[in-house]
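S.K.: A structural model of the following input is requested.
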Amino acid sequence: MNTLWTFGDSMTEPFQNNNAHWSLEYCNYKGYCPKVYGEILADKLEMNLVNRGLGGIDNYTILEKICESADKIKEDDIVIVGWTSPIRFRIVNDHNVWMNILPNYKRNEYTQSISQSTTDEIIVNRDNSLYIKEINNWIKLINKSFLNTIHWTYVFNSIDGVYLPSFNRIITETNGLCNDTHYSETGHLELSNVLYELIVSKKNKKII
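M.R.: Numbering: from 1, shown residues only. Modelled structure (predicted):
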């Protein structure tokens, strides 16, 4: 059986693996942990799933996870990459591990070696189209490396992939009881339907 590989941030990570407050609250609201788009697609395509999504990560970490998996991805496997905000980046913290820097979150909780003002300045610097061009160059390399690849993002519409921001959100589904903007169960189903059509379209083009 072939494998579906999914890479990305919290929009890709399974609910049952995610210990963030918003995910736990939503699963409690539902009474179970819903499937995310990768799980829905794997069932529909009758494929194994390797989901390497992880909440709160940056694009460098997403790329690293793809590189770590590269020797395991086979010719007929399908790779889906959900890129996140190019403003995010990472530094090595005081415990000698990668720490992801996200705008609007605490940034220097685990490191004393880099000041808050430095990370703020880097965030401002990263709001530049060259960082999107950087991602597009990665996409060229990934597409050359793997035959069946789809790139998407919910954040920005300038990457060489599909911009997919407009699906049902948790805050909408719960009528505000869970105040969070991640995709809801319905949103993940909607996203999986779009990605499925893209996969089928790519397969049909190869047949022709």
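S.K.: buried ones in the helix or strand encompassing Ser69?
M.R.: If you go by DSSP states H and E, Ser69 is part of helix 59-69. For helix 59-69, a neighbour-count test (16 or more other Cβ atoms under 10 Å) marks 59, 61-66, 69 as buried. For every residue, glycine as well, the C-beta is placed using N, CA and C.
S.K.: Read off the pLDDT value for Asp160.
M.R.: Per-residue pLDDT puts Asp160 at 94.
S.K.: Verify the stated contact: it with Asn136.
M.R.: Yes - in this structure, Asp160 is within contact of Asn136 by Cβ atoms under 8 Å, at 4.8 Å.
S.K.: follow-up on the earlier one: and of the buried residues of helix 59-69, the nearest to Asp43?
M.R.: Closest approach between these and Asp43, by Cβ to Cβ: Ser69, at 20.9 Å.
S.K.: what's the pLDDT at the spatially closest residue to His182 that is not a sequence neighbour?
M.R.: Once flanking residues are discounted, His182 sits nearest to Ile170: 5.4 Å by Cβ to Cβ, 6 or more residues apart in numbering. For Ile170, the pLDDT comes out at 97.
S.K.: Asn179 reaches Arg169, doesn't it?
M.R.: No - between Asn179 and Arg169 there is no contact under Cβ under 8 Å: 10.3 Å.
S.K.: Between the two, tell me which one has more neighbours.
M.R.: Ranked by neighbour count (other Cβ atoms under 10 Å), Asn179 and Arg169 place Arg169 first, with 17 against 10.
S.K.: What residue spans form the domains of the chain?
M.R.: The chain breaks down into these domains under automatic domain parsing: 3-86+129-207, 89-125.
S.K.: Highest mean neighbour count out of those?
M.R.: domain 3-86+129-207 (a mean of 17; mean count of other Cβ atoms under 10 Å).
S.K.: Using CSV, write out every CA atom in stretch 22-42.
M.R.: Taking Å, rounded to 0.1, in the frame of the first residue of the first chain, the C-alpha atoms of stretch 22-42 are listed here in CSV:
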residue,chain,number,x,y,z
TRP,A,22,-7.5,25.2,21.8
SER,A,23,-7.3,21.6,20.5
LEU,A,24,-8.1,20.0,23.9
GLU,A,25,-11.0,22.4,24.3
TYR,A,26,-12.4,21.6,20.9
CYS,A,27,-12.1,17.8,21.4
ASN,A,28,-13.9,18.2,24.7
TYR,A,29,-16.6,20.2,23.0
LYS,A,30,-17.0,17.5,20.3
GLY,A,31,-16.7,14.6,22.7
TYR,A,32,-14.1,13.0,20.5
CYS,A,33,-11.0,14.1,18.5
PRO,A,34,-12.1,14.7,14.8
LYS,A,35,-10.0,13.7,11.9
VAL,A,36,-7.8,16.2,10.1
TYR,A,37,-7.6,16.5,6.4
GLY,A,38,-4.7,14.0,6.1
GLU,A,39,-6.6,11.3,7.9
ILE,A,40,-9.7,11.9,5.8
LEU,A,41,-7.7,11.8,2.6
ALA,A,42,-5.8,8.6,3.6
